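A.B. asks: Requesting a structural model of the entry that follows:
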Amino acid sequence: MIRKIYRQKVTSRWEIIEKEIIDEVIFRTAKIRNRLMLELMARGGMRVGEVLKLRLKDIQDQKLTLQAPKSGKEREIVFIPQKVAERLRDYAKQVCKYPEDRIFPISYEAARMIVLKAGKLVGIHLRPHDLRRHSATFASRSGVPIEIVSKVILRHSNLSTTQSYLGTINDVEAIRWIDNIYG
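C.D. replies: Predicted structure coming up:
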């Protein structure tokens, strides 16, 4: 117990994958099911488990309702881009007979392998949560306030959790932001 109290806290930093690489990963994924799953994680900030639990009845235009999410709430809302929403709705109508049917009825391990294979197509090691981190970092670097990134995109209850997701800013990016603000 004493060792646990005094051990050094390890802060881990993940390598943030640039938007162009994520776009290429998605573009090169030919199977519509796999592409939609990647887009929901990368563009909607969804966890892989949330994607796998989606049902036909959870889709309402650009809003997806997550039943019994990780937060412990009864439900949460995910917002996705219009084009992704349209493709998801069309796909879901093809594969689901009933509103209660899961859109992606595969296992967590199968979904993980889909992401890993998609990354290999462009020569990177890609994990499902890398796509969620990308979603947060891309939004933040595009000027979205951290409160929106935290509460809407990632659906975190605490801002400090979101801050651990965001990549470090390099000098070039810092200069670009300063120029945008004051230039």
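A.B. asks: Is Glu109 in a helix, a strand, or coil?
C.D. replies: At Glu109 the chain is in helix, as set by DSSP: H, G, I helix; E, B strand; the rest coil.
A.B. asks: ditto for Leu64
C.D. replies: strand.
A.B. asks: How much space separates Leu131 from Cys96?
C.D. replies: Between Leu131 and Cys96 the computed distance is 23 Å (C-beta to C-beta, to the nearest Å). C-beta coordinates here come from the backbone N, C-alpha and C atoms, glycine included.
A.B. asks: Between those two, which has more neighbouring residues?
C.D. replies: Leu131 (29 against 18; other C-beta atoms under 10 Å).
A.B. asks: any idea how far the more buried one is from Arg7?
C.D. replies: From Leu131 over to Arg7 (counting by C-beta to C-beta), the distance is 31 Å.
A.B. asks: Please, which helix or strand holds the nearest residue to Asn34 once chain neighbours are set aside?
C.D. replies: Using C-beta to C-beta, 6 or more residues apart in numbering and skipping the chain neighbours, the partner closest in space to Asn34 is Ile114 (4.9 Å). Assigned by DSSP states H and E, Ile114 belongs to helix 108-121.
A.B. asks: how far out from the middle of the chain is the very next helix or strand once past that helix?
C.D. replies: Downstream of helix 108-121, the first helix or strand assigned by DSSP H and E is helix 128-141. Remark: helix 128-141 is offset 6 Å from the chain centroid, using C-alpha atoms, centre = their mean, to the nearest Å.
A.B. asks: okay, the angle between helix 128-141 and helix 108-121?
C.D. replies: 60 degrees (axes from the mean of the first three to the mean of the last three C-alpha atoms, to 10 degrees).
A.B. asks: What are the buried residues along helix 128-141?
C.D. replies: 128, 130-141 (16 or more other C-beta atoms under 10 Å).
A.B. asks: what does stretch 88-108 give?
C.D. replies: Under the neighbour-count criterion of 16+ other C-beta under 10 Å, stretch 88-108 has Leu88, Tyr91, Ala92, Cys96, Ile103, Phe104 buried.
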